[in-house]
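Peer 1: I'd like to go over a predicted model; first the sequence, then the structure.
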Amino acid sequence: MLKYDYSLSKNEQVALFFFIIGLITVFGLLLFSNKSEERIAESSTHIQQDLTKQLYQQKLQQREAEILEVLKHTDPKHRRILEVELQDIQLLLQDIDNSFLLLKASINDRLKQLEVLHQAYPIQMLEQAIMAIRQANDQQAIQLFRQIEKNNEHNPPLAAEAAYQLSKLAEDSVRYTAGLEHAEKAIRLIPNNALYLSAAGFFSDKLAHYKKAISYHEQALAILRTLHPENHPEIAAVKNDLGMAWDALGEYAKAIKFFEQALESLIQLHGENHPDVAAIQNNIGMAWDSLGDYPRAIRYYEQSLEADLSHYGEDHPSIAKRRNQIDHAWESIEAYHDAIQYFEAALDSDLKTYKTNHPSIARDRNDLGIAWESLGEYHKAIEYFEQALETSIAIYGKHHPLIVTYLNNLGNAWDSLGKYRKAIEYFEQALETGLALHDENHPSIAVTRNNLGNAWESLGELHKAISYYEQALAIDLKAYGQNHPNIARDKNNLGNAWESLGEHQKAIHYFDQALSIVLQSHGENHPQVTTYRNNLGWAWYSSGHYQNAIDYYKQALVTAKKLLGEDHPNTKVIQSNLRSAESKLITTP
């Protein structure tokens, strides 16, 4: 029987990378033309600001320390939001130069907008708020805008703009819940403002309210289409935002449609070698990656890398991140030696850039561990995973989400060596650390419980395995709902365990549900479709229903040949399974 890999370490890396690409959204994607350093330099109306990179870095570090302190005693409901904000702050700090430039551009645009507003409403308090923003006095600006909002309930345009400015100040300090409240207040006052709707969409996306984000972005897009031609940068920005939200929901085909429309507009505006173009190409690559079309994903990733190399040069942090995306895609089509070359180049680049313990160096070593593990070089993999763990402990201490990831990866490597009890030791450490960081219903807890179930299943402790799988499924259902790929994974795991117990109908029930979910999210041409159909074939074969088994094996074989080729080991397993079922059907009375 083919089994699905229970480790999400690769997906966690991809999710982390997604935020780096999302920096464009954080400070500039609402107006692409304001994003890059080159475009900022072209502005003829740049407004004097007192914000320095050092001050910005200090503000981020203070917010980081504040979140870490609150996390020690917060309730589960608020913990997850704080963890998202903490991760985003740490990523902003990693690329502080680019983060600072994007923030300066965003503030510059806001100051221009406020100067125009001040001409229409020449009130002293608004003038003072503008000065507070110029002087990087965020607290004074917040107080003034709150007062403006309160004093102008009879004047919706002014009150709405004050609420919007409060949302942007919340964004600057990475306070997403407050940002959404202010943006939605602006919308209630002036419902048909695309800028306010886009801001609310951004915050909704950050808070994982993806359907709400899509609704806001769609409303913004409809308004912008009445104001601008289709290839306008603001329209391209909203299309990208829509693509990101659909991607987060697992609707990859819809995401690609919006990304491609945004890409076409950006190439017309900027040419091929622009950071915004590179970002969209990377987004398209990630969506194709999720759909299992790895050659097409690699093509977009390489275009993205080429654009960033042209714009930034070899030593920019984004270059290593782009290479990591290419690595993962090569790994997915099992060109692991090629992947290792890319990973080593990324590690070499990051060692030159950072020269000390740094999250990117830990990530690169973890990626090399994953690649060597994929080649069956488990001891090499363990060596890299241990280095990644050691680096991360030196940076974060023992209680950090990445520590959980690396402990899980070490457990999976030992599991692959057949050292199941040693694997369980690492998984239990990962679970203990995860529960210290998160509440019981956090998705990362489901990952670790799945891994524990896998190890206990390998030891023949099937009822114990089922218990862990059921706990993982319950967590993921709360986090994702019924139709998410992670639910398919959990149900496939349960199917495998029940099949091993000889409970064929229970196994078929779970396998069938897993297949239905993955067909809905990924379509026909995805490796998981092959896996789940093969597993259904195996369960029907074991229950003596050979024709049903043959039907599923044939379907699995078509997809396997298309995605993996004739000579892939999994393709040969399915062919062998099919021959066995056909033989049984002939010889059975």
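Peer 2: Everything's here; your move. Keep in mind that this is a model prediction, so the values were computed, not measured.
Peer 1: and the gap between residue 117 and residue 148?
Peer 2: Distance, residue 117 to residue 148, by CB to CB, to the nearest Å: 10 Å. Glycine gets a C-beta too; all of them are placed from N, C-alpha and C.
Peer 1: shared neighbours, these two?
Peer 2: The contact sets of residue 117 and residue 148 overlap at 126, 158 (CB atoms under 8 Å, 6 or more residues apart in numbering).
Peer 1: which of these two has more neighbours?
Peer 2: residue 148 (23 against 18; other CB atoms under 10 Å).
Peer 1: and the more buried one, what is it in contact with?
Peer 2: By CB under 8 Å, 6+ apart, the contact set of residue 148 is 123, 125-126, 129, 158-159, 162.
Peer 1: give me the distance from the helix or strand that contains it to the chain's centre.
Peer 2: According to DSSP states H and E, residue 148 maps onto helix 138-151. Computed by CA atoms, centre = their mean, to the nearest Å, the chain-centroid distance of helix 138-151 equals 34 Å.
Peer 1: and stretch 388-407, what's buried?
Peer 2: The neighbour-count check on stretch 388-407 (16 or more other CB atoms under 10 Å) flags 388-389, 391-393, 395-396, 399-407 as buried.
Peer 1: for residue 159, the count of nearby residues, please.
Peer 2: Residue 159: 22 neighbours (other CB under 10 Å).
Peer 1: can you pull the contacts of the residue nearest to it when sequence neighbours are not counted?
Peer 2: Nearest residue to residue 159, sequence neighbours excluded (CB to CB, 6 or more residues apart in numbering): residue 152, at 4.4 Å. With contacts defined as CB under 8 Å, 6+ apart, the neighbours of residue 152 are 158-159, 162.
Peer 1: what of residue 96?
Peer 2: 53, 56-57, 60.
Peer 1: and for residue 480?
Peer 2: 443, 486-487.
Peer 1: need the contact list for residue 59.
Peer 2: 138, 173.
Peer 1: what helix or strand is it located in?
Peer 2: Counting by DSSP H and E, residue 59 is found in helix 53-71.
Peer 1: can you check residue 467 too?
Peer 2: Assigned by DSSP H and E, residue 467 falls within helix 462-480.
Peer 1: which residue ranges form the helices in the stretch 251-400 of the chain?
Peer 2: 252-270, 275-290, 294-312, 317-332, 336-354, 359-374, 378-396 (DSSP state H, counting those that start in this stretch).
Peer 1: mean pLDDT for those: which is lowest?
Peer 2: The minimum mean pLDDT among the helices of the stretch 251-400 of the chain belongs to helix 317-332 (a mean of 69).
Peer 1: low-scoring stretches of this protein, by residue?
Peer 2: Counting by pLDDT under 70, the chain contains low-confidence ranges at 1-49, 76-77, 316-318, 325, 327-336, 589.
Peer 1: need phi/psi at the residue nearest to residue 64 when sequence neighbours are not counted.
Peer 2: Distances taken as CB to CB, 6+ apart place residue 89 nearest to residue 64, at 4.9 Å, with adjacent residues excluded. When read as degrees, to the nearest 10, the backbone of residue 89 gives phi -60, psi -40.
Peer 1: likewise the one 10 residues further on?
Peer 2: Torsion angles at residue 99 (phi, psi; degrees, to the nearest 10) stand at phi -60, psi -40.
Peer 1: so the residue nearest to it when sequence neighbours are not counted is in which element?
Peer 2: Distance criterion CB to CB, 6+ apart; nearest residue to residue 99, sequence neighbours excluded, is residue 92 at 4.4 Å. Assigned by DSSP H and E, residue 92 belongs to helix 76-94.
Peer 1: picking that back up, mark which of the contacts of residue 148 are part of helices, please.
Peer 2: 125-126, 129, 158-159, 162 (DSSP state H).
Peer 1: isn't residue 582 right up against residue 549?
Peer 2: No - under the criterion of CB atoms under 8 Å, residue 582 is not in contact with residue 549, lying 9.2 Å apart.
Peer 1: against residue 142, how distant is residue 182?
Peer 2: For residue 182, the distance to residue 142 - CB to CB - is 10 Å.
Peer 1: and for residue 414?
Peer 2: 51 Å.
Peer 1: compare those two (neighbour count), which wins?
Peer 2: Ranked by neighbour count (other CB under 10 Å), residue 414 and residue 142 place residue 414 first, with 23 against 19.
Peer 1: after the helix or strand harbouring that one, heading C-terminal, what element do we hit next?
Peer 2: Taking DSSP H and E as the criterion, residue 414 maps to helix 401-416. Once helix 401-416 ends, the next helix or strand along the chain (criterion: DSSP H and E) is helix 420-437.
Peer 1: that next one: which residues count as buried?
Peer 2: Going by neighbour count (16+ other CB under 10 Å), the buried part of helix 420-437 is 420, 422-431, 433-434, 437.
Peer 1: helices or strands up against the helix or strand that it is followed by?
Peer 2: Next helix or strand after helix 420-437 toward the C-terminus (DSSP H and E): helix 443-458. Helix 443-458 is packed against helix 401-416, helix 420-437, helix 462-480, helix 485-500, with contacts defined by 3 or more CB pairs under 8 Å, 6 or more residues apart in numbering; DSSP states H and E.
Peer 1: compile these into JSON lines and extend it with columns for distance to residue 223.
Peer 2: Below are the helices and strands packed on helix 443-458 laid out as JSON lines (distance: least, CB to CB, whole Å):
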{"stretch": "helix 401-416", "distance to residue 223": "38"}
{"stretch": "helix 420-437", "distance to residue 223": "41"}
{"stretch": "helix 462-480", "distance to residue 223": "31"}
{"stretch": "helix 485-500", "distance to residue 223": "33"}
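Peer 1: which one of the ones you listed lies closest to residue 254?
Peer 2: Nearest to residue 254, of all the helices and strands packed on helix 443-458, is helix 485-500, at 15.3 Å by CB to CB.
Peer 1: before we move on, the earlier item: more neighbours: which of residue 582 and residue 549?
Peer 2: residue 549 (26 against 16).
Peer 1: in three-state terms, label that one for me.
Peer 2: helix (DSSP: H, G, I helix; E, B strand; the rest coil).
Peer 1: before we move on, what about residue 192?
Peer 2: Going by three-state DSSP: residue 192 is coil.
Peer 1: excluding its backbone neighbours, what's nearest it?
Peer 2: Nearest to residue 192 is residue 223, by CB to CB, 6+ apart, at 5.9 Å.
Peer 1: contacts only, for that neighbour.
Peer 2: Applying CB under 8 Å, 6+ apart, the residues near residue 223 are 192-194, 197.
Peer 1: can you pick the most crowded of these?
Peer 2: Ranking the contacts of residue 223 using other CB under 10 Å puts residue 197 first, with 27 neighbours.
Peer 1: residue 187 is in contact with that residue, correct?
Peer 2: Yes - assessed by CB under 8 Å, residue 197 is found in contact with residue 187 at 6.3 Å.
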